[in-house]
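K.L.:
Fold the following, please.
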Amino acid sequence: MSILAVLGRVVLTFFAETGRLSRFAATSVMHCFTPPYFPGLLFSQMMKIGYYSLPVVGLTAFFTGGVLALQIYIGGTRFNAESIVPTIVVLGITRELGPVIGGLMVAGRVSAAIAAEIGTMRVTEQIDALTTLSTNPFDYLIAPRLIAAILTLPMLVFIGDVIGVMGGYIVATQTLDFNSAIYLKNTMDFVEVGDVTSGLWKAAVFGFVIALMGCFHGYFSRGGAQGVGNATTYAVVSASILILATNYVMTSVLFSE
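P.N.:
Residues are numbered from 1 along each chain as shown. Purely as a prediction, here's the structure:
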């Protein structure tokens, strides 16, 4: 019976946390569409989430595109299909690797920062002070971060797509002896608008997930510095897992035909 009791506690805890997260997400989304608004905070968060994440996303995308071109070429030579390199690189980057790897990189940087910032405000009672001053924490802390992440992640992923395709192009033309004009022609012939926009839709959802996980774990952190440290860890892990799970669901929906 003790095993069943442990299993029951795990299941009940899971559903309780799922319900709390769902209520938090619904409340956060509602406050994104209701005044008051804080444009200064929104712009500040867009800079922190988007602009300052650009170097890590750009470098990751460049090397991902390069290694993707190299691996596809190595595999294609076994079947005399080296010409598929530009096609697979551009489709792989725009559809999957661009948004997923970009989202994971931003999750590691932004979710932890948001959770640490809001968690510190929670344990030092600054959030309680905001409530005392008649300022809703969801309006002042949560909504600007959610909106900023949703707006900036597609921009980051689009730039990452361009850099990733460029990384594959450089490796293919400088290392693998591809003709530059033919490589670019094959890339432009096979990529479609839907391939790019599907990745941008994914990026917007990933931005919501990243900001939501950081805000959620930071908002409910307890126990001083150790609690804040745990909140940052939980935020990054949960955001990364949800990004991968959400990517699978969205891929199934967007490319079901």
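K.L.:
Next up, the contacts around residue 195.
P.N.:
By CB atoms under 8 Å, 6 or more residues apart in numbering, the contact list for residue 195 reads 90-91, 94-95. Any C-beta I mention is one placed from the backbone N, CA and C, and that applies to glycine too.
K.L.:
where does the protein dip in pLDDT?
P.N.:
Within the chain, the segments meeting pLDDT under 70 span 1, 81, 256-257.
K.L.:
Now do the helices in it.
P.N.:
Using DSSP state H, the helices of the chain run over residues 2-32, 39-49, 54-76, 85-92, 98-106, 112-123, 126-132, 137, 143-174, 180-190, 193-219, 224-254.
K.L.:
highest average neighbour count across these?
P.N.:
Highest mean neighbour count among the helices of the chain (mean count of other CB atoms under 10 Å): helix 98-106, with a mean of 26.
K.L.:
Closest one of the contacts of residue 195 to residue 52?
P.N.:
residue 94 (23.9 Å; CB to CB).
K.L.:
can you tell me which residues contact that closest one?
P.N.:
161, 165, 191, 195-196, 198-199.
K.L.:
how about those residues in CSV, adding distance to residue 231?
P.N.:
Formatted as CSV, the contacts of residue 94 follow (distance: CB to CB, whole Å):
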residue, distance to residue 231
161, 32
165, 37
191, 40
195, 37
196, 35
198, 32
199, 30
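K.L.:
Out of these, which two are the most distant from each other?
P.N.:
165 and 198 (15.5 Å).
K.L.:
how distant is stretch 139-146 from the center of its chain?
P.N.:
Here the centre of stretch 139-146 is set off from its chain's centre by 17 Å, with CA atoms, centre = their mean, to the nearest Å.
K.L.:
Identify all contacting residues around that stretch.
P.N.:
Residues from elsewhere that reach stretch 139-146, judged by CB under 8 Å, 6+ apart: 28-29, 31-32, 34, 36-38, 41-42, 44-45, 49, 114, 118, 121, 127, 130, 208, 211-212, 214-215, 219.
K.L.:
Do me a favour and get the end-to-end distance for that stretch?
P.N.:
End-to-end span of stretch 139-146 (CA to CA, to the nearest Å): 11 Å.
K.L.:
again with stretch 125-144
P.N.:
One end of stretch 125-144 sits 20 Å from the other (CA to CA).
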